[in-house]
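Novice: kindly return the folded structure for what I paste below:
(one chain, ligands or ions: 2)
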Amino acid sequence: MNGHVTHFDLVIIGTGSGNSILDSRFADQRVALVERGMFGGTCLNVGCIPTKMFVHPADLASMPAAGARLGVDATLDGVRWADIRDRVFGRIDPIAAGGREYRLHHEDNKNVTVYEGTARFTGPRTLDVDGAVLTADRIVLAAGGRPVLPDVPGLEEVGCHTSDTVMRIDKLPRRLTIIGGGFVSAEFAHVFSSFGVEVSVVARSGSLLRHEDAEVSARFTELAREKWDVRPGRKVLRASRTAGGIRLELDEGALETDLVLAAIGRIPNSDLLNLPAAGIEVAETGHVVVDAQQRTTAEGVWALGDLSSPYELKHVANHEERVVQHNLLNPSSPVESDHRFVPHAVFTAPQIASVGLTEEEARAKGVRYVVAKQAYGDIAYGWAMEDTTGFAKLLADPASGQLLGAHIIGPQASTLIQPLIQAMSFGLSARDMARGQYWIHPAMPELVENALLNLRFD
Ligand SMILES: Cc1cc2nc3c(=O)[nH]c(=O)nc-3n(C[C@H](O)[C@H](O)[C@H](O)COP(=O)(O)OP(=O)(O)OC[C@H]3O[C@@H](n4cnc5c(N)ncnc54)[C@H](O)[C@@H]3O)c2cc1C
Ligand SMILES: NC(=O)c1ccc[n+]([C@@H]2O[C@H](COP(=O)([O-])OP(=O)(O)OC[C@H]3O[C@@H](n4cnc5c(N)ncnc54)[C@H](O)[C@@H]3O)[C@@H](O)[C@H]2O)c1
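Specialist: Ligands and ions are numbered 1, 2, ... in the order given. The predicted structure follows:
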(Lines give C-alpha, C1' and ligand atoms only; values in the text may rest on other atoms or scores of the structure.)
(Ligands and ions follow the chains in the order given, each with its own letter.)
Protein backbone atom coordinates (compact mmCIF):
# COMPACT_ATOMS: atom_id res chain seq x y z
CA MET A 1 0.00 0.00 0.00
CA ASN A 2 3.02 2.28 0.63
CA GLY A 3 3.01 5.45 -1.45
CA HIS A 4 -0.14 4.41 -3.32
CA VAL A 5 -2.74 7.23 -3.37
CA THR A 6 -6.40 6.33 -2.95
CA HIS A 7 -9.03 8.97 -3.54
CA PHE A 8 -12.33 9.05 -1.63
CA ASP A 9 -15.45 11.19 -1.76
CA LEU A 10 -15.49 11.28 2.03
CA VAL A 11 -13.00 10.37 4.78
CA ILE A 12 -14.14 10.18 8.41
CA ILE A 13 -11.49 10.10 11.13
CA GLY A 14 -12.71 8.46 14.35
CA THR A 15 -15.39 5.82 14.85
CA GLY A 16 -17.02 7.29 17.97
CA SER A 17 -19.70 9.75 16.91
CA GLY A 18 -18.07 9.87 13.45
CA ASN A 19 -19.23 6.33 12.75
CA SER A 20 -22.89 7.38 13.10
CA ILE A 21 -22.64 9.70 10.09
CA LEU A 22 -22.74 6.84 7.62
CA ASP A 23 -26.04 5.37 6.56
CA SER A 24 -27.64 4.25 3.31
CA ARG A 25 -27.78 7.84 2.05
CA PHE A 26 -24.00 7.67 1.59
CA ALA A 27 -24.16 4.41 -0.38
CA ASP A 28 -23.20 6.10 -3.65
CA GLN A 29 -20.09 7.70 -2.16
CA ARG A 30 -16.67 6.17 -1.80
CA VAL A 31 -15.97 6.46 1.93
CA ALA A 32 -12.94 5.77 4.14
CA LEU A 33 -13.30 5.34 7.90
CA VAL A 34 -10.09 5.66 9.92
CA GLU A 35 -9.69 4.39 13.49
CA ARG A 36 -6.51 4.07 15.55
CA GLY A 37 -8.06 2.47 18.64
CA MET A 38 -11.16 0.55 19.61
CA PHE A 39 -14.10 0.76 17.26
CA GLY A 40 -16.92 2.84 18.76
CA GLY A 41 -14.77 5.45 20.53
CA THR A 42 -14.81 6.76 24.09
CA CYS A 43 -18.49 6.68 25.07
CA LEU A 44 -18.99 3.03 24.22
CA ASN A 45 -15.64 1.59 25.28
CA VAL A 46 -14.29 3.68 28.15
CA GLY A 47 -16.81 6.46 28.80
CA CYS A 48 -20.50 7.02 29.41
CA ILE A 49 -21.72 3.49 28.91
CA PRO A 50 -19.38 1.37 31.03
CA THR A 51 -19.23 4.02 33.78
CA LYS A 52 -23.00 4.04 34.13
CA MET A 53 -23.03 0.24 34.09
CA PHE A 54 -20.78 0.44 37.18
CA VAL A 55 -22.75 3.29 38.74
CA HIS A 56 -25.99 1.32 38.85
CA PRO A 57 -24.56 -1.59 40.88
CA ALA A 58 -22.83 1.03 43.05
CA ASP A 59 -26.22 2.64 43.72
CA LEU A 60 -27.55 -0.79 44.72
CA ALA A 61 -24.54 -1.52 46.92
CA SER A 62 -25.02 1.73 48.82
CA MET A 63 -28.72 1.11 49.51
CA PRO A 64 -28.39 -1.01 52.65
CA ALA A 65 -26.51 1.81 54.35
CA ALA A 66 -29.31 4.25 53.46
CA GLY A 67 -32.11 1.88 54.50
CA ALA A 68 -31.49 1.76 58.24
CA ARG A 69 -32.69 5.33 58.68
CA LEU A 70 -36.03 4.30 57.22
CA GLY A 71 -36.33 1.19 59.36
CA VAL A 72 -35.10 -1.26 56.75
CA ASP A 73 -32.15 -3.21 58.09
CA ALA A 74 -30.35 -4.77 55.15
CA THR A 75 -26.74 -5.75 54.86
CA LEU A 76 -24.41 -5.84 51.93
CA ASP A 77 -22.94 -9.33 51.78
CA GLY A 78 -20.39 -8.51 49.14
CA VAL A 79 -19.61 -7.09 45.74
CA ARG A 80 -18.34 -9.49 43.09
CA TRP A 81 -16.09 -7.07 41.22
CA ALA A 82 -14.89 -9.58 38.64
CA ASP A 83 -18.49 -10.57 37.84
CA ILE A 84 -19.60 -6.95 37.49
CA ARG A 85 -16.58 -6.07 35.33
CA ASP A 86 -17.02 -9.11 33.12
CA ARG A 87 -20.74 -8.47 32.69
CA VAL A 88 -20.07 -4.85 31.68
CA PHE A 89 -17.37 -5.65 29.17
CA GLY A 90 -19.05 -8.90 28.10
CA ARG A 91 -21.84 -6.62 26.89
CA ILE A 92 -19.75 -3.79 25.49
CA ASP A 93 -16.79 -5.50 23.82
CA PRO A 94 -18.98 -7.48 21.41
CA ILE A 95 -20.76 -4.26 20.41
CA ALA A 96 -17.42 -2.68 19.48
CA ALA A 97 -16.35 -5.84 17.67
CA GLY A 98 -19.72 -6.08 15.91
CA GLY A 99 -19.53 -2.45 14.78
CA ARG A 100 -16.08 -3.06 13.31
CA GLU A 101 -17.17 -6.27 11.62
CA TYR A 102 -20.22 -4.51 10.13
CA ARG A 103 -18.13 -1.75 8.56
CA LEU A 104 -15.43 -4.16 7.38
CA HIS A 105 -17.50 -6.96 5.91
CA HIS A 106 -21.24 -6.28 5.68
CA GLU A 107 -22.60 -5.68 2.23
CA ASP A 108 -24.28 -2.45 3.44
CA ASN A 109 -20.71 -1.12 3.58
CA LYS A 110 -19.44 -2.14 0.16
CA ASN A 111 -18.60 1.53 -0.42
CA VAL A 112 -16.69 1.84 2.88
CA THR A 113 -12.99 1.09 3.39
CA VAL A 114 -11.81 0.85 6.99
CA TYR A 115 -8.25 1.92 7.76
CA GLU A 116 -7.01 0.80 11.16
CA GLY A 117 -4.26 3.25 11.95
CA THR A 118 -3.52 6.87 12.85
CA ALA A 119 -4.51 9.51 10.31
CA ARG A 120 -2.18 12.48 9.85
CA PHE A 121 -2.48 15.32 7.38
CA THR A 122 0.36 15.77 4.91
CA GLY A 123 -1.40 18.54 2.96
CA PRO A 124 -4.86 19.97 2.29
CA ARG A 125 -7.33 17.07 2.20
CA THR A 126 -4.42 14.63 2.01
CA LEU A 127 -3.76 12.12 4.76
CA ASP A 128 -1.22 9.53 5.67
CA VAL A 129 -2.52 6.49 7.56
CA ASP A 130 0.48 4.46 8.63
CA GLY A 131 1.99 4.66 5.12
CA ALA A 132 -1.22 4.64 3.05
CA VAL A 133 -1.98 7.94 1.31
CA LEU A 134 -5.62 9.07 1.18
CA THR A 135 -7.03 12.09 -0.59
CA ALA A 136 -10.64 13.18 -0.33
CA ASP A 137 -13.15 15.73 -1.52
CA ARG A 138 -14.51 16.03 1.99
CA ILE A 139 -13.10 15.07 5.40
CA VAL A 140 -14.78 14.84 8.80
CA LEU A 141 -12.60 15.04 11.90
CA ALA A 142 -14.17 13.16 14.80
CA ALA A 143 -10.97 12.18 16.59
CA GLY A 144 -12.12 12.94 20.17
CA GLY A 145 -9.73 13.39 23.06
CA ARG A 146 -7.75 11.48 25.67
CA PRO A 147 -7.09 11.71 29.42
CA VAL A 148 -4.31 14.00 30.65
CA LEU A 149 -1.71 12.54 33.02
CA PRO A 150 -0.51 14.72 35.88
CA ASP A 151 3.12 15.73 35.84
CA VAL A 152 4.07 14.27 39.22
CA PRO A 153 7.59 12.90 39.75
CA GLY A 154 7.49 9.16 40.45
CA LEU A 155 3.88 8.66 39.36
CA GLU A 156 4.74 6.90 36.14
CA GLU A 157 7.04 4.52 38.01
CA VAL A 158 4.45 3.58 40.66
CA GLY A 159 1.73 3.26 38.02
CA CYS A 160 -1.27 5.49 37.50
CA HIS A 161 -4.65 4.57 36.07
CA THR A 162 -6.97 6.74 34.02
CA SER A 163 -10.62 6.21 33.12
CA ASP A 164 -9.29 4.25 30.12
CA THR A 165 -7.90 1.47 32.31
CA VAL A 166 -9.40 1.57 35.80
CA MET A 167 -12.64 -0.20 34.89
CA ARG A 168 -10.74 -3.32 33.83
CA ILE A 169 -8.57 -3.87 36.93
CA ASP A 170 -8.27 -7.46 38.23
CA LYS A 171 -9.45 -6.85 41.76
CA LEU A 172 -10.62 -4.04 43.95
CA PRO A 173 -7.84 -2.29 45.84
CA ARG A 174 -8.24 -1.69 49.57
CA ARG A 175 -7.47 2.01 49.08
CA LEU A 176 -7.87 4.27 46.03
CA THR A 177 -6.65 7.82 45.60
CA ILE A 178 -8.17 9.96 42.87
CA ILE A 179 -6.30 13.03 41.68
CA GLY A 180 -8.76 15.65 40.40
CA GLY A 181 -12.17 16.81 41.54
CA GLY A 182 -14.30 16.84 38.38
CA PHE A 183 -16.79 14.53 36.65
CA VAL A 184 -14.64 11.41 36.41
CA SER A 185 -13.47 11.77 40.00
CA ALA A 186 -17.00 12.19 41.38
CA GLU A 187 -18.38 9.19 39.48
CA PHE A 188 -15.53 6.79 40.23
CA ALA A 189 -15.32 7.86 43.89
CA HIS A 190 -18.98 6.85 44.20
CA VAL A 191 -18.47 3.55 42.37
CA PHE A 192 -15.40 2.40 44.27
CA SER A 193 -16.47 3.61 47.71
CA SER A 194 -19.87 1.92 47.31
CA PHE A 195 -17.97 -1.26 46.50
CA GLY A 196 -16.11 -0.99 49.81
CA VAL A 197 -12.88 0.71 48.72
CA GLU A 198 -11.45 3.46 50.97
CA VAL A 199 -11.42 6.46 48.65
CA SER A 200 -9.29 9.61 48.91
CA VAL A 201 -9.72 12.57 46.59
CA VAL A 202 -6.95 15.12 46.10
CA ALA A 203 -8.37 18.21 44.41
CA ARG A 204 -6.48 21.28 43.35
CA SER A 205 -9.41 23.60 43.99
CA GLY A 206 -11.13 24.32 47.28
CA SER A 207 -14.31 22.45 46.35
CA LEU A 208 -15.27 19.46 44.24
CA LEU A 209 -17.18 19.89 40.96
CA ARG A 210 -16.26 23.56 41.09
CA HIS A 211 -17.90 24.36 37.74
CA GLU A 212 -21.32 23.62 39.18
CA ASP A 213 -23.37 26.39 40.77
CA ALA A 214 -21.43 27.30 43.94
CA GLU A 215 -24.20 26.11 46.27
CA VAL A 216 -24.33 22.74 44.51
CA SER A 217 -20.57 22.38 44.55
CA ALA A 218 -20.44 23.31 48.26
CA ARG A 219 -23.20 20.83 49.17
CA PHE A 220 -21.54 18.06 47.17
CA THR A 221 -18.15 18.74 48.79
CA GLU A 222 -19.73 18.68 52.26
CA LEU A 223 -21.40 15.31 51.56
CA ALA A 224 -18.27 13.89 49.92
CA ARG A 225 -16.23 14.70 53.03
CA GLU A 226 -18.55 12.52 55.10
CA LYS A 227 -17.73 9.49 52.90
CA TRP A 228 -14.29 10.04 51.42
CA ASP A 229 -10.99 11.42 52.58
CA VAL A 230 -11.22 14.67 50.61
CA ARG A 231 -8.13 16.87 50.39
CA PRO A 232 -9.31 20.09 48.74
CA GLY A 233 -6.83 22.75 47.68
CA ARG A 234 -3.98 20.21 47.67
CA LYS A 235 -1.34 19.25 45.13
CA VAL A 236 0.44 15.92 44.77
CA LEU A 237 4.17 16.66 44.79
CA ARG A 238 5.66 13.19 44.30
CA ALA A 239 4.84 9.50 44.35
CA SER A 240 6.89 6.56 45.52
CA ARG A 241 6.44 2.88 46.21
CA THR A 242 6.55 1.69 49.82
CA ALA A 243 6.50 -1.78 51.38
CA GLY A 244 2.74 -1.52 51.89
CA GLY A 245 1.64 0.33 48.74
CA ILE A 246 2.07 3.77 47.21
CA ARG A 247 2.95 6.96 49.05
CA LEU A 248 1.76 10.31 47.71
CA GLU A 249 3.36 13.38 49.15
CA LEU A 250 1.10 16.42 49.07
CA ASP A 251 2.00 20.08 49.49
CA GLU A 252 0.54 19.58 52.94
CA GLY A 253 0.46 16.06 54.34
CA ALA A 254 0.77 12.70 52.64
CA LEU A 255 -1.32 9.68 51.69
CA GLU A 256 -0.78 5.95 51.63
CA THR A 257 -2.76 4.21 48.95
CA ASP A 258 -2.89 1.09 46.79
CA LEU A 259 -4.06 2.47 43.46
CA VAL A 260 -3.97 5.94 41.90
CA LEU A 261 -6.52 7.22 39.40
CA ALA A 262 -5.73 10.43 37.52
CA ALA A 263 -8.90 12.34 36.63
CA ILE A 264 -7.61 15.79 35.78
CA GLY A 265 -9.36 16.33 32.47
CA ARG A 266 -8.95 15.43 28.81
CA ILE A 267 -7.18 17.00 25.85
CA PRO A 268 -8.35 16.94 22.25
CA ASN A 269 -6.49 14.58 19.90
CA SER A 270 -5.76 17.47 17.51
CA ASP A 271 -2.00 17.09 18.10
CA LEU A 272 -2.07 13.65 16.44
CA LEU A 273 -3.45 15.00 13.17
CA ASN A 274 -0.72 17.41 12.00
CA LEU A 275 -3.43 19.99 11.31
CA PRO A 276 -1.12 22.87 10.26
CA ALA A 277 -0.29 20.87 7.12
CA ALA A 278 -3.92 21.21 6.08
CA GLY A 279 -4.42 24.84 7.17
CA ILE A 280 -6.80 23.82 9.95
CA GLU A 281 -6.82 26.26 12.84
CA VAL A 282 -6.59 25.00 16.40
CA ALA A 283 -7.51 27.03 19.52
CA GLU A 284 -5.12 27.40 22.47
CA THR A 285 -7.06 24.69 24.28
CA GLY A 286 -6.23 22.25 21.48
CA HIS A 287 -9.80 22.26 20.16
CA VAL A 288 -10.21 22.45 16.38
CA VAL A 289 -11.85 25.77 15.51
CA VAL A 290 -15.26 25.33 13.86
CA ASP A 291 -18.10 27.63 12.84
CA ALA A 292 -21.77 27.06 13.64
CA GLN A 293 -22.05 24.64 10.68
CA GLN A 294 -19.14 22.64 12.15
CA ARG A 295 -16.82 23.73 9.29
CA THR A 296 -13.12 24.04 10.09
CA THR A 297 -10.99 26.81 8.62
CA ALA A 298 -10.06 24.51 5.70
CA GLU A 299 -12.42 24.11 2.76
CA GLY A 300 -14.18 20.74 2.73
CA VAL A 301 -13.19 19.75 6.28
CA TRP A 302 -15.64 19.51 9.19
CA ALA A 303 -15.03 18.68 12.86
CA LEU A 304 -17.30 17.52 15.67
CA GLY A 305 -17.41 16.19 19.22
CA ASP A 306 -14.62 16.33 21.80
CA LEU A 307 -12.05 17.29 19.16
CA SER A 308 -13.72 20.66 18.63
CA SER A 309 -16.19 21.05 21.49
CA PRO A 310 -15.31 22.31 24.97
CA TYR A 311 -18.43 20.57 26.31
CA GLU A 312 -16.92 17.06 26.04
CA LEU A 313 -20.33 15.41 26.29
CA LYS A 314 -21.76 12.62 24.20
CA HIS A 315 -25.13 14.26 23.61
CA VAL A 316 -23.27 17.28 22.20
CA ALA A 317 -21.09 15.08 19.97
CA ASN A 318 -24.25 13.31 18.74
CA HIS A 319 -25.97 16.61 17.99
CA GLU A 320 -22.96 17.93 16.08
CA GLU A 321 -22.67 14.63 14.21
CA ARG A 322 -26.26 15.04 12.97
CA VAL A 323 -25.49 18.60 11.89
CA VAL A 324 -22.42 17.46 9.94
CA GLN A 325 -24.36 14.58 8.43
CA HIS A 326 -27.10 16.94 7.25
CA ASN A 327 -24.58 19.40 5.86
CA LEU A 328 -22.73 16.69 3.95
CA LEU A 329 -25.99 15.47 2.44
CA ASN A 330 -27.50 18.92 1.83
CA PRO A 331 -24.70 21.31 0.91
CA SER A 332 -27.12 23.91 -0.42
CA SER A 333 -29.23 24.07 2.74
CA PRO A 334 -26.83 23.73 5.66
CA VAL A 335 -27.95 23.83 9.30
CA GLU A 336 -26.20 25.08 12.42
CA SER A 337 -25.48 23.48 15.76
CA ASP A 338 -27.57 24.66 18.70
CA HIS A 339 -25.48 25.08 21.83
CA ARG A 340 -27.87 27.39 23.66
CA PHE A 341 -28.93 25.03 26.44
CA VAL A 342 -26.43 22.21 26.86
CA PRO A 343 -27.24 20.18 29.96
CA HIS A 344 -25.06 17.73 31.85
CA ALA A 345 -25.43 15.28 34.69
CA VAL A 346 -22.89 13.79 37.07
CA PHE A 347 -23.80 10.23 38.01
CA THR A 348 -22.36 10.32 41.51
CA ALA A 349 -24.09 10.26 44.89
CA PRO A 350 -26.16 12.28 45.15
CA GLN A 351 -26.73 12.84 41.44
CA ILE A 352 -26.20 16.32 40.03
CA ALA A 353 -27.70 17.85 36.91
CA SER A 354 -27.50 21.29 35.44
CA VAL A 355 -28.48 23.40 32.45
CA GLY A 356 -27.92 27.07 31.65
CA LEU A 357 -26.36 29.75 33.81
CA THR A 358 -25.12 29.24 37.33
CA GLU A 359 -25.79 32.10 39.72
CA GLU A 360 -22.10 33.06 39.57
CA GLU A 361 -22.18 33.16 35.75
CA ALA A 362 -25.36 35.26 35.75
CA ARG A 363 -23.74 37.73 38.14
CA ALA A 364 -20.46 37.85 36.19
CA LYS A 365 -22.34 38.50 32.95
CA GLY A 366 -24.50 41.19 34.53
CA VAL A 367 -27.66 39.26 33.65
CA ARG A 368 -30.70 40.22 35.76
CA TYR A 369 -32.26 37.24 37.45
CA VAL A 370 -34.58 36.02 40.15
CA VAL A 371 -33.65 32.86 41.96
CA ALA A 372 -35.59 30.21 43.89
CA LYS A 373 -34.78 26.99 45.65
CA GLN A 374 -36.76 23.95 46.65
CA ALA A 375 -35.49 21.26 49.02
CA TYR A 376 -36.35 17.62 48.36
CA GLY A 377 -37.04 17.41 52.08
CA ASP A 378 -40.06 19.71 51.66
CA ILE A 379 -41.91 17.78 48.98
CA ALA A 380 -43.94 14.65 49.68
CA TYR A 381 -41.66 12.19 47.91
CA GLY A 382 -38.67 13.75 49.62
CA TRP A 383 -40.39 13.08 52.97
CA ALA A 384 -40.83 9.47 51.91
CA MET A 385 -37.11 9.26 51.23
CA GLU A 386 -36.19 11.29 54.32
CA ASP A 387 -33.91 13.31 52.08
CA THR A 388 -32.26 16.12 54.00
CA THR A 389 -29.60 17.38 51.59
CA GLY A 390 -30.97 17.63 48.02
CA PHE A 391 -32.38 20.71 46.37
CA ALA A 392 -33.30 22.30 43.07
CA LYS A 393 -32.25 25.84 42.27
CA LEU A 394 -33.71 27.87 39.41
CA LEU A 395 -32.75 31.19 37.87
CA ALA A 396 -35.19 33.10 35.70
CA ASP A 397 -35.39 36.37 33.81
CA PRO A 398 -37.55 38.73 35.91
CA ALA A 399 -38.94 40.48 32.82
CA SER A 400 -39.86 37.57 30.54
CA GLY A 401 -40.19 34.76 33.06
CA GLN A 402 -37.93 32.58 30.91
CA LEU A 403 -35.69 30.18 32.77
CA LEU A 404 -31.98 31.05 32.67
CA GLY A 405 -30.55 28.13 34.59
CA ALA A 406 -31.51 25.04 36.56
CA HIS A 407 -29.39 23.07 39.01
CA ILE A 408 -30.40 19.97 40.93
CA ILE A 409 -28.52 17.90 43.46
CA GLY A 410 -30.34 14.87 44.80
CA PRO A 411 -32.02 11.59 43.83
CA GLN A 412 -32.84 11.24 40.13
CA ALA A 413 -31.48 14.72 39.32
CA SER A 414 -30.48 13.57 35.82
CA THR A 415 -34.12 12.72 35.05
CA LEU A 416 -35.81 15.55 36.96
CA ILE A 417 -33.92 18.19 34.99
CA GLN A 418 -35.33 17.13 31.61
CA PRO A 419 -38.62 19.16 31.69
CA LEU A 420 -36.57 22.23 32.60
CA ILE A 421 -34.28 21.67 29.60
CA GLN A 422 -37.41 21.33 27.48
CA ALA A 423 -38.89 24.57 28.83
CA MET A 424 -35.68 26.47 28.13
CA SER A 425 -35.27 24.99 24.67
CA PHE A 426 -38.82 25.77 23.62
CA GLY A 427 -39.16 29.12 25.41
CA LEU A 428 -41.83 28.08 27.90
CA SER A 429 -41.99 30.59 30.76
CA ALA A 430 -41.60 29.45 34.35
CA ARG A 431 -45.14 30.54 35.25
CA ASP A 432 -46.79 28.77 32.28
CA MET A 433 -44.75 25.68 32.96
CA ALA A 434 -45.75 25.60 36.65
CA ARG A 435 -49.45 26.41 36.21
CA GLY A 436 -50.27 25.15 32.74
CA GLN A 437 -50.09 21.42 33.39
CA TYR A 438 -50.86 18.82 36.03
CA TRP A 439 -47.96 17.58 38.14
CA ILE A 440 -48.48 14.04 39.40
CA HIS A 441 -48.89 13.96 43.15
CA PRO A 442 -46.89 12.95 45.11
CA ALA A 443 -44.20 12.21 42.55
CA MET A 444 -40.65 13.50 42.51
CA PRO A 445 -41.25 16.14 39.77
CA GLU A 446 -43.15 18.13 42.43
CA LEU A 447 -39.63 19.27 43.27
CA VAL A 448 -39.53 21.09 39.93
CA GLU A 449 -43.11 22.34 40.24
CA ASN A 450 -42.44 23.86 43.65
CA ALA A 451 -39.12 25.37 42.62
CA LEU A 452 -40.95 27.06 39.72
CA LEU A 453 -43.73 28.31 42.02
CA ASN A 454 -41.11 29.71 44.39
CA LEU A 455 -39.81 32.10 41.70
CA ARG A 456 -41.10 35.61 42.47
CA PHE A 457 -41.55 37.90 39.48
CA ASP A 458 -43.13 40.96 41.15
C1 LIG B 1 -15.10 8.10 31.97
C2 LIG B 1 -15.97 8.94 31.07
C3 LIG B 1 -17.33 9.00 31.31
C4 LIG B 1 -18.14 9.78 30.50
N5 LIG B 1 -19.48 9.83 30.77
C6 LIG B 1 -20.28 10.63 30.01
C7 LIG B 1 -21.68 10.71 30.28
O8 LIG B 1 -22.20 10.09 31.22
N9 LIG B 1 -22.43 11.49 29.49
C10 LIG B 1 -21.88 12.21 28.45
O11 LIG B 1 -22.62 12.93 27.77
N12 LIG B 1 -20.57 12.14 28.16
C13 LIG B 1 -19.75 11.37 28.93
N14 LIG B 1 -18.42 11.29 28.64
C15 LIG B 1 -17.90 12.05 27.47
C16 LIG B 1 -18.13 11.29 26.16
O17 LIG B 1 -17.63 9.99 26.27
C18 LIG B 1 -17.47 12.03 25.03
O19 LIG B 1 -17.93 13.36 24.99
C20 LIG B 1 -17.77 11.40 23.66
O21 LIG B 1 -17.52 10.03 23.68
C22 LIG B 1 -16.96 12.09 22.56
O23 LIG B 1 -17.23 11.49 21.33
P24 LIG B 1 -16.37 11.81 20.02
O25 LIG B 1 -17.04 11.10 18.92
O26 LIG B 1 -16.12 13.25 19.92
O27 LIG B 1 -14.93 11.16 20.31
P28 LIG B 1 -14.52 9.66 20.62
O29 LIG B 1 -15.67 8.81 20.98
O30 LIG B 1 -13.39 9.77 21.58
O31 LIG B 1 -13.99 9.10 19.21
C32 LIG B 1 -12.78 9.48 18.68
C33 LIG B 1 -12.14 8.29 18.00
O34 LIG B 1 -11.12 8.78 17.12
C35 LIG B 1 -10.01 7.91 17.17
N36 LIG B 1 -8.85 8.69 16.76
C37 LIG B 1 -8.27 9.73 17.38
N38 LIG B 1 -7.27 10.25 16.66
C39 LIG B 1 -7.21 9.52 15.53
C40 LIG B 1 -6.39 9.57 14.39
N41 LIG B 1 -5.45 10.50 14.24
N42 LIG B 1 -6.58 8.64 13.43
C43 LIG B 1 -7.54 7.70 13.55
N44 LIG B 1 -8.36 7.63 14.61
C45 LIG B 1 -8.20 8.52 15.57
C46 LIG B 1 -9.97 7.45 18.62
O47 LIG B 1 -9.28 6.23 18.74
C48 LIG B 1 -11.46 7.34 18.96
O49 LIG B 1 -11.95 6.03 18.76
C50 LIG B 1 -17.58 10.51 29.41
C51 LIG B 1 -16.20 10.44 29.16
C52 LIG B 1 -15.40 9.67 29.98
C53 LIG B 1 -13.92 9.60 29.70
N1 LIG C 1 -21.52 12.33 33.37
C2 LIG C 1 -20.84 12.90 32.39
O3 LIG C 1 -21.37 13.56 31.51
C4 LIG C 1 -19.35 12.70 32.34
C5 LIG C 1 -18.72 11.79 33.16
C6 LIG C 1 -17.34 11.66 33.09
C7 LIG C 1 -16.63 12.45 32.21
N8 LIG C 1 -17.27 13.33 31.42
C9 LIG C 1 -16.52 14.21 30.51
O10 LIG C 1 -15.17 13.88 30.51
C11 LIG C 1 -14.39 15.04 30.71
C12 LIG C 1 -13.19 14.70 31.54
O13 LIG C 1 -13.56 14.47 32.91
P14 LIG C 1 -12.56 14.82 34.08
O15 LIG C 1 -13.25 14.60 35.39
O16 LIG C 1 -11.26 14.17 33.83
O17 LIG C 1 -12.30 16.38 33.85
P18 LIG C 1 -12.95 17.67 34.56
O19 LIG C 1 -12.53 18.81 33.75
O20 LIG C 1 -14.38 17.47 34.90
O21 LIG C 1 -12.19 17.73 35.98
C22 LIG C 1 -10.81 17.79 36.07
C23 LIG C 1 -10.42 18.20 37.49
O24 LIG C 1 -9.01 18.08 37.63
C25 LIG C 1 -8.47 19.28 38.16
N26 LIG C 1 -7.11 19.40 37.63
C27 LIG C 1 -6.72 19.83 36.41
N28 LIG C 1 -5.39 19.75 36.26
C29 LIG C 1 -4.91 19.26 37.43
C30 LIG C 1 -3.62 18.92 37.91
N31 LIG C 1 -2.53 19.09 37.16
N32 LIG C 1 -3.52 18.39 39.14
C33 LIG C 1 -4.61 18.22 39.92
N34 LIG C 1 -5.86 18.51 39.52
C35 LIG C 1 -6.01 19.02 38.30
C36 LIG C 1 -9.42 20.37 37.71
O37 LIG C 1 -9.35 21.47 38.56
C38 LIG C 1 -10.77 19.63 37.80
O39 LIG C 1 -11.29 19.66 39.11
C40 LIG C 1 -15.30 16.07 31.35
O41 LIG C 1 -15.05 17.35 30.80
C42 LIG C 1 -16.67 15.61 31.05
O43 LIG C 1 -17.31 16.44 30.09
C44 LIG C 1 -18.62 13.48 31.47
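
Novice: how about the residues of the stretch 1-150 of the chain by ligand 2?
Specialist: Pro150 (C-beta under 6 Å from any ligand atom). Backbone N, C-alpha and C define where each C-beta goes, glycine included.

Novice: grab the nearest non-local neighbour of the closest residue to ligand 1 within the stretch 51-200 of the chain.
Specialist: Residue nearest to ligand 1 within the stretch 51-200 of the chain: Gly144 (2.3 Å; C-beta to the nearest ligand atom). Spatial nearest neighbour of Gly144, chain neighbours left out: Asp306 (4.5 Å); criterion: C-beta to C-beta, 6 or more residues apart in numbering.

Novice: now that neighbour: how far from ligand 2?
Specialist: 8 Å (C-beta to the nearest ligand atom, to the nearest Å).

Novice: list phi and psi for that residue.
Specialist: Asp306 adopts backbone torsions of phi -60, psi -20, taken as degrees, to the nearest 10.

Novice: and the worst-scoring helix or strand of the chain on mean pLDDT, what does it pack against?
Specialist: Within the chain, no helix or strand scores below helix 63-67, which has a mean of 93 by mean pLDDT, DSSP states H and E. Judged by 3 or more C-beta pairs under 8 Å, 6 or more residues apart in numbering; DSSP states H and E, helix 63-67 is in contact with no other helix or strand.

Novice: now do the contacts for the residue nearest the centre of the chain.
Specialist: In the chain, the residue lying closest to the centroid (C-alpha atoms, centre = their mean) is Leu313, at 4.4 Å. When contacts are counted by C-beta atoms under 8 Å, 6 or more residues apart in numbering, Leu313 touches Val342, His344.

Novice: and it, what pLDDT?
Specialist: Per-residue pLDDT puts Leu313 at 98.

Novice: so what's Ile119 up against?
Specialist: Actually, residue 119 is Ala rather than Ile. Ala119 is in contact with Val11, Ile13, Val34, Arg36, Leu127, Asp128, Val129, Leu134, Ala143, Leu273, counting by C-beta under 8 Å, 6+ apart.

Novice: any chance of TSV for those, columns pLDDT, neighbour count and distance to Leu453?
Specialist: Output for the contacts of Ala119, formatted as TSV (pLDDT from 0 to 100; neighbours: other C-beta atoms under 10 Å; distance: C-beta to C-beta, whole Å):
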residue	pLDDT	neighbour count	distance to Leu453
Val11	98	28	53
Ile13	99	30	50
Val34	98	26	53
Arg36	98	17	52
Leu127	98	26	57
Asp128	98	17	61
Val129	98	21	58
Leu134	98	23	59
Ala143	99	29	47
Leu273	98	23	51
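
Novice: quick one: which of these sit in strands?
Specialist: When DSSP state E is applied, the contacts of Ala119 are split such that Val11, Ile13, Val34, Leu127, Asp128, Val129, Leu134 fall in strands.

Novice: right, and the fifth one touches Gly117 too?
Specialist: Just to be clear, that refers to Asp128. No - taking C-beta atoms under 8 Å as the definition, Asp128 is not a contact partner of Gly117, at 9.0 Å.

Novice: nearest residue to the residue of the stretch 201-350 of the chain found nearest ligand 1 other than its sequence neighbours?
Specialist: Taking C-beta to the nearest ligand atom, ligand 1 has its nearest neighbour within the stretch 201-350 of the chain at Gly305, 2.1 Å off. Ranked by C-beta to C-beta, 6+ apart and with sequence neighbours excluded, the top spatial neighbour of Gly305 is Ala317, at 3.4 Å.
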